[in-house]
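Colleague: sequence first, predicted model second:
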Amino acid sequence: MTGFWDSTTGFVILTVLKTLALVVPLLIGVAYLTYAERKVLGAIQVRKGPNRVGPFGLMQPFADALKMLTKETVVPDGADRLLFVLAPMITFGLAVMAWAVIPVNAGWAIADINVGVLYLFAVSSLGVYGIIIAGWASNSKYAFLGAMRSAAQMVSYEVSMGFVIVTVILLAGSQNLTQIVLSQKQFWYAVPLFPVFVIFFISGLAETNRAPFDLAEGESELVAGFMVEYSAMSFALFFLGEYANMILISGMTTTLFLGGWLSPLPFAPFTMIPGVLWFLLKICICLFVFIWVRGTLPRVRYDQLMALGWKVFLPVSLVYLVAVAGVMEYFGWFPHA
């Protein structure tokens, strides 16, 4: 009994430490992603961006956090108080939970489970509930319309993302994310699967309600959409949830298509760099593209958004899945065999 208690306690302590080692840098990354976005957008628009709080404006995220913490949370009359407060917690919590199965280096995953892809599917599918609850609980027609827009958008693009991920699973022969990374030692899946790699990344923009697909927050017609009634830390949790989801999509892109922690070239100068640094570098490149797209492309119409998902991305991803399966069957190449 004592041995069981000791082993269980050690496992729990180790899991807590691994969780903190992942969540704390993630929260710091989310904070400084807001700073990086404002700096990059400032450069795109030929202005300076944050430059007052601390050297080069580096303390701006902490000033924003302090401002949000000291503001009053206003709950509208007629709103469902419990659900109103719970919705941003769900959105932010799910964005952090998904990182439990993503390996940032060899053996560096909180839960290295064999159904890691299914776990990501489940957690990402639940994300829509936080937005729907926020829109309904706010007791505002603008918030509700924004929630309906966002729900339809997220569900539509999840279908094509699902087919793309199934294509990756076929090539890797496993749903374990560590095995998917290791199967890319010869070549990254972004090369043979380039068309669906592009579809996956653009679908990630739509999943996170980022420009040019930010119609759920359309200022011109919905006045910030499902977040219109939120303030203070409840608004900050939605804000942080969006940026945490950006990092999550970048992490998924890196793991599924860009070789995870593996170096791009098998030469000594590259292989000597720690894998976690390669992983972070690839995530930073993906995040830069997120911000770059926001600074350069105009918002699309809602009918264009839905047509792109159902009439372009879904057929292409499905055809590519069938083509990859056919080629593998024809040449008898089955990685799991």
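Modeller: That came in fine, so what should we check first? Numbers count the residues shown, from 1 in each chain.

Colleague: now find how far off-centre stretch 18-30 is within its chain.
Modeller: Computed by C-alpha atoms, centre = their mean, to the nearest Å, the chain-centroid distance of stretch 18-30 equals 15 Å.

Colleague: buried residues in that stretch, which are they?
Modeller: By neighbour count, and taking 16 or more other C-beta atoms under 10 Å as the criterion, the buried residues in stretch 18-30 are 22, 26, 29-30. Placement of C-beta: from N, CA and C, glycine included.

Colleague: cool, and stretch 51-71?
Modeller: Buried, per 16+ other C-beta under 10 Å, within stretch 51-71: 57, 60-61, 64, 68.

Colleague: any idea which of those is closest to residue 178?
Modeller: Comparing the buried residues of stretch 51-71 against residue 178 with C-beta to C-beta places residue 61 closest, at 31.9 Å.

Colleague: and the closest one, what's its pLDDT?
Modeller: With respect to pLDDT, residue 61 has a value of 92.

Colleague: and the next helix or strand past the helix or strand of the chain with the lowest mean pLDDT?
Modeller: Lowest mean confidence among the helices and strands of the chain (mean pLDDT, DSSP states H and E): helix 219-222, at a mean of 61. Proceeding C-terminally, helix 219-222 gives way to helix 232-257 as the next helix or strand, assigned by DSSP states H and E.

Colleague: report the distance from stretch 74-90 to the chain centre.
Modeller: 24 Å.

Colleague: only the buried residues of it, if you could.
Modeller: Residues of stretch 74-90 classed as buried: 75, 79, 84-88, 90 (neighbour count, 16+ other C-beta under 10 Å).

Colleague: got a markdown table for those residues, with pLDDT, distance to residue 155 and secondary structure too?
Modeller: Below are those laid out as a markdown table (pLDDT from 0 to 100; distance: C-beta to C-beta, whole Å; DSSP: H, G, I helix; E, B strand; the rest coil):
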| residue | pLDDT | distance to residue 155 | secondary structure |
| --- | --- | --- | --- |
| 75 | 88 | 28 | coil |
| 79 | 87 | 25 | coil |
| 84 | 92 | 23 | helix |
| 85 | 90 | 25 | helix |
| 86 | 92 | 21 | helix |
| 87 | 92 | 18 | helix |
| 88 | 92 | 20 | helix |
| 90 | 91 | 17 | helix |
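
Colleague: make TSV from those residues and add distance to residue 313 to it.
Modeller: Formatted as TSV, the buried residues of stretch 74-90 follow (distance: C-beta to C-beta, whole Å):
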residue	distance to residue 313
75	39
79	36
84	34
85	35
86	32
87	28
88	29
90	27
